[in-house]
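Chemist: A predicted structure for the sequence below; I have some questions about it.
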Amino acid sequence: MLSRRGFLIGCSAAASPFVTRVSLAAAPWDARLVVIVLRGAMDGLDVVRPYADPGYAAARGALGEGGSDLDGFFALHPGLDPLMPLWRAGELGFVHAVSTPYRNKRSHFDGQDLLEAGGEAVGQVRDGWLNRLLAQLPGAEPRTAFAIGHGEMKILGGPQPVADWSPEVDLALSPQAMRLAERVMMDDPAFHAAFAEAAMLGGGGMALEKGAAHLDVARFAADQLKGDTRIAAFSINGWDTHGRQAKTIVPALERLSGTLLALKEGVGAAVWAKTAVIAMTEFGRTVQVNGTGGTDHGTGGAMLLAGGAIAGGRVYGQWPGLDEASLLDRRDLMPTGDVRAAAAWILRGLGGFDKGLLEQVVFPGLEMGADHGLLR
Amino acid sequence: MTGFSPDLAEIRFGCGLSPVVAPPASVVAMLEGLRAPDTMAQRFPVEGYDAFARWLTETKALRRSGKGKKAPKKALKSFREARGDKIVEGLRWAMAAQLRWTWTETAFRERIVAFWADHFTATGKMTLMRAAADPYVETSIRPHVAGRFADLLVAAETSPLMLHYLDQSASVGPDSRAARNNEARGGLNENLAREVMELHTLGVGGPYTQDDVRQLAELFTGLTVNNDAEFVFRPAFAEPGTETILGKTYGGNPATLESIGQALRDLAAHPATAAHLARKLAVHFVSDTPDERLVQAMTARFLETGGDLAQVYAAMLDHPAAWALPLVNVKPPQQFIGSAWRALAVTPERVARLKPKAIRQGFEQPLVAMGQPWMLPNGPDGWPEQDAAWVTPPGVAARLIWAVNAPPTLVKALPDPRAFVDVALGRFGTDAVRFAAAAAESRAEAVGLVLASPAFQRR
């Protein structure tokens, strides 16, 4: 008996532009780029702890105690201990004291908009920087980039066609209903193509682990990256730790480490070796702990890099110090670098993109500065 | 091309076919419906902005009194309760909007309100402000959709939510009195000025320059929001001197609200605005690639009547190209759900019994999966008009899943699927849909397949 999946692929491949495969050789570049948006403002000072800065213990107290030493100055939050093997293998790195150009207002909404649009100011550009990058890839087709999650990935939004899917969409209808749906959609090529693609991606009755949706996202992304997909973007939420941060940040860290390990396992050694993962957040958090054991919206923070293509085992960036005079507005970690510059240098290394194009089109207004040396 | 027909009027320009509410009898009836008493707003109320602002002010005060180590625990608790209650109330407003779609006899009004609410997209950027979007539409958009465009424009741009959303409330003239006296941090924010020209009036290809944006931003200084979340004009924030916008000079000393209103009225009357809005209406209601003659007729009517919106709608509805077949435009997810409610004739009594969790599962979360979360637009440019934005694998899957799973929770008994094909699709029912409705294993799947069919998704 034909499976539902086989049935749908069998009778709809011709009608679906998504199902048409291009050969790997035809793909415009061979590297893999994964961009993870850490929504809610990850506390870079807690995740990558500058324990050797005399101001750190004073500001953070018990919240900042412990962690695995990275380089004699920074320590990694214990919640990310599962990633230490990656660090030791040089497949995990960080850039510290970075931010977008967003200043002063500290709204998640605007901060994420700017992070995903990649411009200098809110509203300057509307489409996402990854979408503008796609426009520069000769031979890119919808499957070259995958936005995973519920249409919230503005970072990939724009005129270039992009594939999208949410692994938690479970198209678990009876086989009869799936056949009838196929038949109902048949006369309408656009609906039919989308339905056929959906049935293929989500109709297999994917078993979802409870509370582990992030692993489904990571495994799904890995599956696509093993194939024709070169760019995948998705979010990990839950970083807005205003209270009891020692506890509330832990689930987000588990999601982050679980995601990275699942990605590595899922793509396999050969693809992992040419993969760069960039995890970035809209802004950092206050240096001081607030009255409820958490931290409030700040400015400078940290970004995470992972993958075999990364020159890991280092914390990059220029450390500004935590004494009051070195802080921004006497409250936030002073950003000494732009998250976009780090991303731009990675793009340049992965795809050989022109510097002027990165500074004018992908991240309009950015000055990339000297090579950050973030890739192997 | 023929012209008006009642069923097409209800599908393309209304909220979809209903088993209980008759479609409009004529174009005249559709237009008169815009001027008729707003019975839906009375029957299914949504809080107005003034009441919302009072709630916001009280709740912020509660939050303040709950802060600090010595604050009474009770204050923090009351604050959290107030915040939680408002979120639930917001769900009820969303349900009221669905009931308006389900029961209205003047469905063109609901469509037009939704169009302008999207054109003037505004939403809260802080947790407490999130619930402000429905009250904003109720107060600043809904009453103005059949009048002059200039009045609608002024109402939208001076609404506290728009001033907050597009950062006008934070814009202070660098040489203003307040900045000079260190009463406010001087700094121009161009966001609202840019969006007024790019999105709300002239359009992205319109005849304006960055300098016009800057000048309009300077003219706008003084438009802001007070601590009670109300609109206020503060001359002390205004940048001194005159501003030149599209070659015309405005403002001067003293800065006045009137000169800002004049600039908005001039932008509203601009030929580029007429062309931009006519095309957007035609794209929204008729097709992603509308007949140029239709757009031209609407543009001309806009200019002849000084932007009388009812006249512009009349020019659209009187044009044969507005009634061309086949059905092409795809309903955005919120309107797909609204029209499904209408086809199912979901009752207010049933909806009143829905618990918040059921509303989240049956409405809020499915809309997220379909790509159009309720009152949480992607940006100031609102939701996409292009059909391709909605006909995506996850979007189509989410519609199908909703269509099968939600209706049994919305009505006491699902209709006979074979009859439901005619109720929901009328003459647009296809053989494939009829076959599916008869062949499905369960009534829920049969009804779901009718609602998920392209014939129901397009209008």
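Modeler: Arrived safely, thanks for sending. Because the structure is predicted, anything quoted here is derived from the model rather than measured.

Chemist: residue ranges of the strands in the stretch 101-250 of chain B, please?
Modeler: B:223-225, B:231-233, B:242-245, B:248-251 (DSSP state E, counting those that start in this stretch).

Chemist: to residue A:358, which of these lies closest?
Modeler: Nearest of the strands of the stretch 101-250 of chain B to residue A:358, taken as CB to CB: strand B:242-245 at 34.9 Å. The way it works is simple: take the backbone N, C-alpha and C, and place the C-beta from them, glycine included.

Chemist: avg pLDDT for that closest one?
Modeler: Mean pLDDT, computed over strand B:242-245, is 97.

Chemist: what comes up buried for it?
Modeler: B:243, B:245 (16 or more other CB atoms under 10 Å in any protein chain shown).

Chemist: what lines up beside it in the sheet?
Modeler: Taking DSSP bridges as the criterion, strand B:242-245 forms sheet pairs with strand B:248-251 (antiparallel).

Chemist: which residues sit against the strand it pairs with?
Modeler: With CB atoms under 8 Å, 6 or more residues apart in numbering or on different chains as the test, strand B:248-251 has contacts from B:218-219, B:238, B:241-244, B:259-260, B:262-263, B:266.

Chemist: what segments of the stretch 1-150 of chain A are helices?
Modeler: Per DSSP state H, counting those that start in this stretch, the stretch 1-150 of chain A carries helices over the ranges A:4-12, A:44-47, A:54-60, A:84-88, A:108-117, A:129-134.

Chemist: pull out the buried positions in the fourth one.
Modeler: Meaning helix A:84-88. A:86-87.

Chemist: what's next to that helix, contact-wise?
Modeler: A:68, A:70, A:76, A:92-93, A:260, A:264, A:306, A:312-313.

Chemist: now with 6 Å, please.
Modeler: Here helix A:84-88 makes contact (CB atoms under 6 Å, 6 or more residues apart in numbering or on different chains) with A:68, A:92.

Chemist: can you tell me the average pLDDT over that helix?
Modeler: Rounded to a whole number, the mean pLDDT of helix A:84-88 is 98.

Chemist: mind exporting it as CSV, just the C-alpha atoms?
Modeler: The C-alpha trace of helix A:84-88 is given here as CSV (Å, rounded to 0.1, in the frame of the first residue of the first chain):
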residue,chain,number,x,y,z
MET,A,84,32.0,22.6,26.6
PRO,A,85,33.1,19.7,24.2
LEU,A,86,32.3,22.1,21.3
TRP,A,87,34.4,24.8,22.9
ARG,A,88,37.3,22.5,23.4
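
Chemist: now the residue of the stretch 1-150 of chain B found nearest chain A: phi and psi?
Modeler: Using CB to the nearest CB, the single residue of the stretch 1-150 of chain B nearest to chain A is residue B:125, 4.3 Å away. Note on residue B:125: its backbone torsions stand at phi -100, psi 0 [degrees, to the nearest 10].

Chemist: quick one: it from residue A:65, how far?
Modeler: As judged by CB to CB, to the nearest Å, residue B:125 and residue A:65 stand 35 Å apart.

Chemist: not counting sequence-adjacent ones, nearest residue to residue 314?
Modeler: With no chain named, the answer covers chain A. Sequence neighbours aside, residue A:93 is the residue nearest to residue A:314 in space, at 5.2 Å (criterion: CB to CB, 6 or more residues apart in numbering or on different chains).

Chemist: my question was about chain B
Modeler: Among residues not flanking residue B:314 along the chain, residue B:31 sits closest, at 5.8 Å (CB to CB, 6+ apart).

Chemist: quick one: which helix or strand includes that neighbour?
Modeler: Secondary-structure assignment from DSSP states H and E places residue B:31 in helix B:27-35.

Chemist: one step back: so which of residue B:125 and residue A:65 has more stuff around it?
Modeler: Legend: neighbour count by other CB atoms under 10 Å in any protein chain shown for residue B:125 and residue A:65, higher for residue B:125 (19 against 13).

Chemist: ok, residues contacting stretch B:5-24?
Modeler: With contact meaning CB under 6 Å, 6+ apart, stretch B:5-24 is reached by B:30, B:101, B:105, B:107-108, B:110, B:338-339, B:342, B:345, B:423, B:426, B:459.

Chemist: pLDDT wise, what is residue B:286 at?
Modeler: Model confidence at residue B:286, given as pLDDT, is 98.

Chemist: next, give phi and psi for it.
Modeler: Backbone geometry at residue B:286, expressed as degrees, to the nearest 10, gives phi -110, psi -60.

Chemist: out of the helices of the stretch 1-150 of chain A, which is closest to residue A:228?
Modeler: The closest of the helices of the stretch 1-150 of chain A to residue A:228 is helix A:129-134. By CB to CB, the value is 13.4 Å.

Chemist: now that closest one: how far from the chain's centre is it?
Modeler: Remark: helix A:129-134 is offset 14 Å from the chain centroid, using CA atoms, centre = their mean, to the nearest Å.

Chemist: ok, stretch B:275-290 next?
Modeler: That offset, for stretch B:275-290, works out to 16 Å (CA atoms, centre = their mean).

Chemist: cool, and stretch B:184-204?
Modeler: Relative to its chain's centre, stretch B:184-204 lies at 20 Å (CA atoms, centre = their mean).
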